[in-house]
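Student: I'd like to go over a predicted model; first the sequence, then the structure.
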Amino acid sequence: MDARDRPVLIAGAGVAGLTAALAFARRGFQARVFERAPRLEAVGAGLQLSPNATHILRRLGVLDFLRPRAVQPDAVLLKDAGSLRELARVPLGEAAERRWGAPYLVAHRGDLQQALLDGVAGNPAIELVLEASVRGATAGTGGVELLVERAGQPAQAAGMLLVGADGVWSTLRGLANGGGGTSRFAGELAWRTTVPAGSAAAGLVARLGGAGNVVAILHPGFHMIAYPVSGGEAFNLVAFTKGERIEEGWSGKADPEILARAMRGMAPELARLAGDAAPWLVWPLHTVDQRRPWVMPGGVALIGDAAHAMTPFAAQGAGMAIEDAETLAASVPGSPAGATGALAAWERERKARVARVARRGALNHLAWHAAGPVALARDVFLRLRRPESLAADMDWLYGWRAPEDGTR
């Protein structure tokens with residue numbers, strides 16, 4: 001029996017789920033994507049897509065849909081929040097594309113999701129089922145069954161594999177983790193806003209160097225990232241501070257004084273930017289224990305934030321989800337024989353890479369929030385490194401390639 005005779009069931013129509021649908025369809029599988037929302041909206045904020053992710057989007061035919069709404073920045077600039085002095089510059093743009101074989105892009109999450117939806121819309125092998133809330137699942141030697149609720153009525157779907165791509169607050173994580181594996185608040189808040197080009201706030205971002213670059217502003221009490229999105233029609237800003245746990249979701253509520261207090265003592269231009277860019281939406285950073293299982297016998301696999309939600313300090317949340325989706329689809333055999341072993345091997349390989357990315361994010365956070373002598377040592381280190389040397393440090397991450405499997 002060919003496994004392609006039964007569909008791949010995917011819970012969640014975010015970046016991970018839609019990428020997985022396209023990756024499986026490219027290999028001859030039918031894919032059914034179940035999404036609890038009644039319609040897909042542009043939630044979230046900006047994201048960075050490094051070459052390890054964009055080469056996959058190109059392979060899946062999505063990059064052409066995304067490019068008109070994305071921006072290819074010239075560099076990543078690291079700046080001190082007190083003086084706005086440039087500490088380091090990592091070249092991107094055409095240099096990055098030559099070095100790593102694919103573009104480094106910044107985009108609004110909604111634009112990436114729309115590009116993925118454009119790819120899905122033209123693919124008869126993919127069915128998108130909206131307003132379908134996952135209630136449970138069972139897995140066994142005969143395949144998987146997904147229990148969903150639609151319009152208040154229960155329904156079931158059967159398939160050869162169940163992919164949990166339902167995000168940091170995953171319903172399916174408990175299935176793969178024996179009822180455990182809830183996410184954990186990381187103790188930090190992300191403050192985000194998007195400002196239109198031509199606004200006072202956008203003018204300040206441009207003067208900071210953000211018109212054609214990714215700018216990272218470093219300070220012991222916070223750090224801020226700014227870059228253009230939506231084809232240059234807007235700028236994404238996100239600042240990270242310590243904070244108390246708030247309501248889970250994309251736009252929780254927190255006291256703006258937390259952000260204002262963290263940004264005291266910074267350059268006057270940044271103080272104005274914090275005010276001009278208001279209002280800021282807030283979301284709590286949650287992580288998932290990556291030591292817990294991502295797969296279970298019978299054909300269940302978690303990908304993206306459902307498997308390994310991490311802090312965003314390596315700018316690889318979307319990238320790791322895209323890598324997960326492509327590599328999972330490539331690892332599933334065309335027949336049921338060997339499927340369990342293939343999933344276990346996929347999990348081992350992915351866990352090793354994701355763990356390394358998480359360590360890089362922790363190192364970035366430590367460096368960006370450094371104070372006193374540690375900050376001085378950081379600044380000297382960065383001053384002594386050539387831009388090309390800083391780029392070479394990222395070869396292991398940005399230069400990674402999903403294995404080719406002969407699929408056309």
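Tutor: Everything's here; your move.

Student: so where's the stretch 51-200 of the chain shaky on pLDDT?
Tutor: Applying pLDDT under 70 to the stretch 51-200 of the chain picks out residues 175-181.

Student: for it, what spans make up the strands?
Tutor: Using DSSP state E, counting those that start in this stretch, the strands of the stretch 51-200 of the chain run over 75-80, 86-91, 105-108, 126-129, 132-140, 143-150, 153-159, 161-164, 184-196.

Student: ok, and what's touching the last one?
Tutor: If I follow you right, that is strand 184-196. 45-46, 108, 201-202, 205, 229, 233-243, 245-246, 254, 258-259, 276-289, 311-312 (C-beta atoms under 8 Å, 6 or more residues apart in numbering). (C-beta placed from N, C-alpha, C; glycine too.)

Student: now the first one
Tutor: The contact list for strand 75-80, computed with C-beta under 8 Å, 6+ apart, reads 85-93, 208-209, 213-219, 379, 382, 387.

Student: ditto for stretch 101-111
Tutor: 15, 41-52, 54-55, 58, 63, 66-67, 69-73, 92-93, 96-97, 194, 214, 227-230, 234, 236, 318, 398-399, 401.

Student: for stretch 307-318, same thing?
Tutor: With contact meaning C-beta under 8 Å, 6+ apart, stretch 307-318 is reached by 15, 47-50, 53, 109, 112, 164, 167-168, 173, 183, 186, 188, 190, 225, 240, 285-288, 290, 294, 304-305, 320, 324, 350-351, 354, 357-358, 360-362, 364-365, 368, 397.

Student: Only whichever of the residues you listed are buried, select them in PyMOL.
Tutor: Remark: buried members of the contacts of stretch 307-318, expressed as a PyMOL selection using 16 or more other C-beta atoms under 10 Å:
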select buried, resi 15+47+48+49+50+53+109+112+164+167+168+173+183+186+188+190+225+240+285+286+287+288+294+304+305+320+324+350+351+354+357+358+360+361+364+365+368+397
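
Student: Which of the contacts of stretch 307-318 fall in strands?
Tutor: Counting by DSSP state E, the part of the contacts of stretch 307-318 found in strands is 47-49, 164, 186, 188, 190, 225, 240, 285-287.

Student: can I see the domain layout of the protein?
Tutor: 1-39+130-183+289-365, 45-107+184-287+370-403 (automatic domain parsing).

Student: from the chain's centre, how far out does the longest one sit?
Tutor: Computed by C-alpha atoms, centre = their mean, to the nearest Å, the separation of domain 45-107+184-287+370-403 from the middle of its chain amounts to 13 Å.

Student: Span of it from start to end?
Tutor: 30 Å (C-alpha to C-alpha, to the nearest Å).

Student: related to what we said a few turns ago, which among the contacts of strand 75-80 end up buried?
Tutor: Buried among the contacts of strand 75-80 (16+ other C-beta under 10 Å): 87-92, 208-209, 213-219, 379.

Student: Tell me which two in the residues you listed are the farthest apart.
Tutor: 91 and 219 (24.2 Å; C-beta to C-beta).

Student: Now do the helices in the stretch 1-150 of the chain.
Tutor: Along the stretch 1-150 of the chain, counting by DSSP state H, counting those that start in this stretch, helices occupy 15-26, 51-59, 63-66, 93-100, 109-121.

Student: Who are the packing partners of the shortest one?
Tutor: Other helices and strands packing on helix 63-66, by 3 or more C-beta pairs under 8 Å, 6 or more residues apart in numbering; DSSP states H and E, are helix 51-59, helix 109-121.

Student: List the contacts of it.
Tutor: Outside helix 63-66, the residues touching it (C-beta under 8 Å, 6+ apart) are 54, 57, 103, 105, 107, 111-112, 114-116, 118-119.

Student: so which of the residues you listed is the most crowded?
Tutor: Using other C-beta atoms under 10 Å as the neighbour criterion, residue 112 leads those with 29 neighbours.

Student: need the contact list for residue 172.
Tutor: Counting by C-beta under 8 Å, 6+ apart, residue 172 has contacts 11, 134, 137, 162, 164, 166, 300, 302, 306.

Student: Hmm, the second one is touching residue 148, no?
Tutor: Right, the one you point to is residue 134. Yes: counting by C-beta atoms under 8 Å, residue 148 is a contact partner of residue 134 at 5.7 Å.

Student: any common contacting residues for these two?
Tutor: With C-beta under 8 Å, 6+ apart as the test, residue 134 and residue 148 both reach residue 34.

Student: Measure how buried the nearest residue to residue 369 once chain neighbours are set aside is and give me the count.
Tutor: Using C-beta to C-beta, 6 or more residues apart in numbering and skipping the chain neighbours, the partner closest in space to residue 369 is residue 220 (5.6 Å). Neighbourhood size, residue 220 [other C-beta under 10 Å]: 16.

Student: and if you look at residue 366?
Tutor: 12.

Student: Out of the contacts of strand 184-196, name the ones that lie in strands.
Tutor: Among those, DSSP E puts 46, 108, 229, 234-242, 281-287 in strands.

Student: hang on, the earlier thing: need the winner for burial among the helices of the stretch 1-150 of the chain.
Tutor: Of all the helices of the stretch 1-150 of the chain, helix 15-26 carries the top mean neighbour count, a mean of 27, counting by mean count of other C-beta atoms under 10 Å.

Student: what does the average pLDDT come to for that helix?
Tutor: For helix 15-26, the mean pLDDT works out to 97.

Student: same thing with stretch 232-245?
Tutor: 89.

Student: Grab the nearest non-local neighbour of residue 306.
Tutor: residue 170 (3.8 Å).
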